[in-house]
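Sequence first, then the predicted structure:
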Amino acid sequence: MGDRSTRFLWPILGLPAMVWIALFFLIPLYVVFCVAFGTVDPIFRSPVPIWNPLEWQFTQVEVVWDRLFGPDNFYLPAVLRTLLYVAIAVVACLIIAFPVAYFTARYAGNYRGLVLALLVAPFFISYMMRMLAWINLLQPDGLVNTIITLGGVVPLDINWLSGNPYVVVMGLIYGYVPYMLLPLFAALDRISPSLIEAARDLGASGFDLFRRVILPMSLPGIVAGTLLISLPMMGDYFTSDLLSKSPNTAMIGNLINLSIVAPGQAGQAGTLLILVLLVLLIPMVLYTRSNARAEVRS
Amino acid sequence: MTVSAAPAEAILEESRGRRRRRMRGTSEARAYGLGAITAVYLLWALVPVAITVLFSFNEGRSRSTWQGFSLRWYTWDPTGSVLNDESIRNALSYTVLLAVLATIITVPIGVLFALALDRWRGRLPQGANFLALITFVIPEIALAIGLLFMVTYLATPFGLGTWAQVVGLVTFQLSYPIVICRARLLTIGSHYEEAARDLGASALGAVRRIILPMLFPAILVSAILVFADVLDDFVIVRYLSSDASTETTSMRIYQTARAAPTPALNAMATIILVVSALVIVLGWLAYRRWTRKQGESTDVSSLASTL
């Protein structure tokens, strides 16, 4: 009864999303390749995409490769800087988020709802507004300088907002730490209190308990949080733009953004983007797979 | 043996109790220590934003020296206030418009796909699901530049501007309703639907009258998340904008934050924050009302874990 109608019902329901993903995700990605492996109009300096993959040319790739590893390698510092900044920010986010998530999961008691609501709050405050908050605090006559100079008594003139790498990394940590907190909290919240009790009864010290029970059991949360913050950071250009505006703190995202804005460099932007995506491909697939597995298990 | 075992057990119990008591002491100290760290973290995370909100009410032009409370930058400044500066007003209403459009399109497409995925096995839907999950973790800049190139170099029925922005936002947000509704469908299971079918409902009828109402909380949560996330979007919206008329509040902050802006910028950011908070609180109340009526457990952590 009705078998014929159901056979087509589910594909029809799924169709809009699949068409959407094909049209507005797969095709745009393909266009990026066509632009990156295309040529540039010699007169108008505008990119000429090559649609047939068999005719793809790699002049843009050579340009980017030279700027990365050739004698004039002015892309390389930004790439290394990005890796360094992201690594520091991820470790710092872990160090900050772990105790906070652990407290919320185990000790918050009656305040659990309130603490969770406050932890989630930054999600819904725009990233730009949170950066604006730090610009306001760190500007030359801002609150931070007022406090450091004791209201202008100490003659110190620190300009935080032009090329200070510590400020940029702090901005990254500030911006992304909420995304580390939630997966960590979810993982820690799943550890049953009786398991911790059992470890205690078997004589585990605080450090043993952390190293041999809590840390292994929170590993999925640590991995998820690390991926969730490091992937978008790899394409971030606005944090550095807003908190520093200096080429001394430029990241890969800034290189891509600048090539997009500059005339005739769209192909280089595309090539850089493809490089980033290639590097991120494995972590992205890992994250998606682990999510799918978690879904099946639950 | 049994005679001597009793005191041994008592001794064991005694020492265990002592250790428990001692541990309770260190455990309490640990709770306070972790609580202090959490409090410091929350202060660091939220006080800068609170200061930004505070200075939107500053009487003078400064965003760092308090000159008295006033609504100047919201209402009465003749040129610079949110009310009188047309570009700020436009940015605000345009941001909300984009969020509404993107939510209206994203949520139905995503919910239908989640329903289909729950029942339609095969490589094609699995592959589509994988791609949808990839859009969730791929750096936003990749989606934005891909669409920018597509609109620029391919003959698309829409150019840069509102529709390009909406298309990009929907693509980026599509994974929210899919993931959230699928998780919910897995907990609902198939027996309700089977019961409805046994009682003579058609496949579509069972989905419409049994599954969709049960799915409603998940649909609501994903709509709230998509709406709030689009309000704050920057990368996609910026690359796909055409001119000043498609400028959002986040773009405005990016462009003017370092160019000596007035507290009107803080006021604009505050208004978006309030809109976001209102939607979340209203949505949360509706979610609680609905799930209470269905007699299900609701707390913040169940919501947080769906994130």
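Cool, got the structure. Residues are numbered from 1 along each chain as shown, chains lettered A, B, ... in the order given.

Let me see the ranges of the helices in the stretch 151-298 of chain A.
For the stretch 151-298 of chain A, applying DSSP state H, counting those that start in this stretch gives helices covering A:165-190, A:193-201, A:206-209, A:215-234, A:238-243, A:252-261, A:266-297.

Can you pull up the most central residue in the chain?
This is for chain A. The residue lying closest to the centre of chain A (CA atoms, centre = their mean) is A:Pro232, at 2.4 Å.

oops, chain B please
Most central in chain B under CA atoms, centre = their mean is B:Leu225, positioned 3.4 Å from the mean C-alpha point.

doesn't B:Ile178 make contact with that residue?
No. At 11.9 Å, B:Leu225 and B:Ile178 do not qualify as touching, with contact defined as CB atoms under 8 Å. Bear in mind the C-beta positions are built from the backbone N, C-alpha and C, glycine included.

Show the average pLDDT along the strand or helix carrying B:Ala228.
Element membership for B:Ala228, per DSSP states H and E: helix B:212-231. For helix B:212-231, mean pLDDT is 90.

anything in that helix near chain A?
Yes. Helix B:212-231 is in contact with chain A by CB under 8 Å from any CB of the partner chain, via B:228, B:231.

packing partners for the strand or helix carrying A:Val120?
According to DSSP H and E, A:Val120 maps onto helix A:112-124. When contacts are defined as 3 or more CB pairs under 8 Å, 6 or more residues apart in numbering or on different chains; DSSP states H and E, helix A:112-124 packs onto helix A:76-106, helix A:165-190, helix B:2-55, helix B:263-293, helix B:300-306.

Out of the ones you listed, which gets nearest to B:Ala218?
Proximity to B:Ala218 (CB to CB) singles out helix B:300-306 among the helices and strands packed on helix A:112-124, at 7.8 Å.

I'd like the mean pLDDT over that closest one, please.
Helix B:300-306 carries an average pLDDT of 47.

Same check on stretch A:237-254?
So the average pLDDT for stretch A:237-254 ends up being 89.

Sketch out the low-pLDDT regions of the stretch 51-200 of chain A for me.
A:151-153, A:155 (pLDDT under 70).

Could you report the neighbour count for A:Trp113?
Actually, residue A:113 is Gly rather than Trp. As a burial measure, A:Gly113 scores 13 neighbours (other CB atoms under 10 Å in any protein chain shown).

ok, so what distance separates the residue nearest to the centre of chain B from B:Ile280?
Per CB to CB, to the nearest Å, B:Leu225 is found 9 Å from B:Ile280.

Isn't A:Asp236 up against A:Leu172?
Yes. Applying CB under 8 Å, one finds A:Asp236 in contact with A:Leu172, separated by 7.0 Å.

Specify which residue of the two has the higher count of neighbours.
In terms of neighbours (other CB under 10 Å), A:Asp236 is the more surrounded of A:Asp236 and A:Leu172; the figures are 28 against 24.

Would you check how far apart that one and A:Val86 are?
Distance, A:Asp236 to A:Val86, using CB to CB: 9 Å.

Residues that sit against both of those two, list them.
Common neighbours of A:Asp236 and A:Val86 (criterion: CB atoms under 8 Å, 6 or more residues apart in numbering or on different chains): A:Leu172.

right, and B:Thr156 touches B:Leu148 too?
No. Using CB under 8 Å, B:Thr156 is not in contact with B:Leu148; the gap is 11.2 Å.

Show me which of those two is the more surrounded one.
When neighbours are counted by other CB under 10 Å, B:Leu148 comes out ahead of the other of B:Thr156 and B:Leu148, with 24 against 17.

excluding its backbone neighbours, what's nearest that one?
B:Tyr239 (4.8 Å; CB to CB, 6 or more residues apart in numbering or on different chains).

Could you count how many residues lie near the one you found?
Neighbour count for B:Tyr239, taken as other CB under 10 Å: 23.

quick one, what contacts it?
Taking CB under 8 Å, 6+ apart, we find B:Tyr239 in contact with A:260, B:141, B:144-145, B:147-148, B:168.

how close does A:Ser192 get to chain B?
For A:Ser192, the distance to chain B equals 15 Å [CB to the nearest CB, to the nearest Å].

burial measure for that residue, as a count.
By other CB under 10 Å, neighbour count at A:Ser192 equals 9.

Repeat that for the one 5 residues further on.
By the criterion of other CB under 10 Å, A:Glu197 has 12 neighbours.

for the host helix or strand of A:Arg130, the distance to its chain's centre please.
Per DSSP H and E, A:Arg130 falls inside helix A:127-138. The chain centre lies 18 Å from the centre of helix A:127-138; the measure is CA atoms, centre = their mean, to the nearest Å.

Is chain B within reach of that helix?
Yes. Shown here: helix A:127-138 in contact with chain B (CB under 8 Å from any CB) through A:127-137.

In JSON lines, list these along with neighbour count.
Listed next are the residues of helix A:127-138 next to chain B as JSON lines, based on neighbours: other CB atoms under 10 Å in any protein chain shown:
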{"residue": "A:Tyr127", "neighbour count": "25"}
{"residue": "A:Met128", "neighbour count": "24"}
{"residue": "A:Met129", "neighbour count": "26"}
{"residue": "A:Arg130", "neighbour count": "21"}
{"residue": "A:Met131", "neighbour count": "24"}
{"residue": "A:Leu132", "neighbour count": "27"}
{"residue": "A:Ala133", "neighbour count": "23"}
{"residue": "A:Trp134", "neighbour count": "25"}
{"residue": "A:Ile135", "neighbour count": "22"}
{"residue": "A:Asn136", "neighbour count": "23"}
{"residue": "A:Leu137", "neighbour count": "20"}
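
per-residue confidence at the closest residue in space to B:Pro263 that isn't next to it in sequence?
With sequence-adjacent residues excluded and distances taken as CB to CB, 6+ apart, B:Pro263 is closest to B:Trp73, at 4.4 Å. B:Trp73 carries a pLDDT value of 79.

For B:Ala144, grab the count of nearby residues.
Applying other CB under 10 Å, we find 27 residues neighbouring B:Ala144.

Likewise for B:Ala164?
26.

quick one, what contacts it?
Applying CB under 8 Å, 6+ apart, we find B:Ala164 in contact with B:147-148, B:151, B:158, B:240, B:242.

These, buried ones only, as a PyMOL selection?
PyMOL command restricting these to the buried ones, with burial defined by 16 or more other CB atoms under 10 Å in any protein chain shown:
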select buried, chain B and resi 147+148+151+240
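
Need the phi and psi values for the residue nearest to A:Pro140 when sequence neighbours are not counted.
In space, and not counting its chain neighbours, A:Pro140 is closest to A:Asn159: 6.1 Å by CB to CB, 6+ apart. The phi and psi values for A:Asn159, taken as degrees, to the nearest 10, are phi -100, psi 100.

B:Arg119 reaches A:Pro11, doesn't it?
No. Counting by CB under 8 Å, B:Arg119 stays clear of A:Pro11, with 9.9 Å between them.

higher neighbour count, those two?
Using other CB under 10 Å, the more surrounded residue of B:Arg119 and A:Pro11 is B:Arg119, with 18 against 15.

and the residue nearest to the more buried one when sequence neighbours are not counted, which of the three is it?
Spatially, and ignoring its direct neighbours in sequence, B:Arg119 is nearest to A:Trp10 (4.8 Å; CB to CB, 6+ apart). Using DSSP: H, G, I helix; E, B strand; the rest coil, the structure places A:Trp10 in helix.

So what's the residue count around A:Trp10?
Using other CB under 10 Å, A:Trp10 is surrounded by 21 other residues.

quick one: contacts for it?
By CB under 8 Å, 6+ apart, the contact set of A:Trp10 is B:115-116, B:119-120.

Repeat the analysis, applying 6 Å as the threshold.
A:Trp10 makes contact with B:116, B:119-120, according to CB atoms under 6 Å, 6 or more residues apart in numbering or on different chains.

follow-up on the earlier one: closest one of the contacts of B:Ala164 to B:Leu43?
B:Leu240 (37.1 Å).
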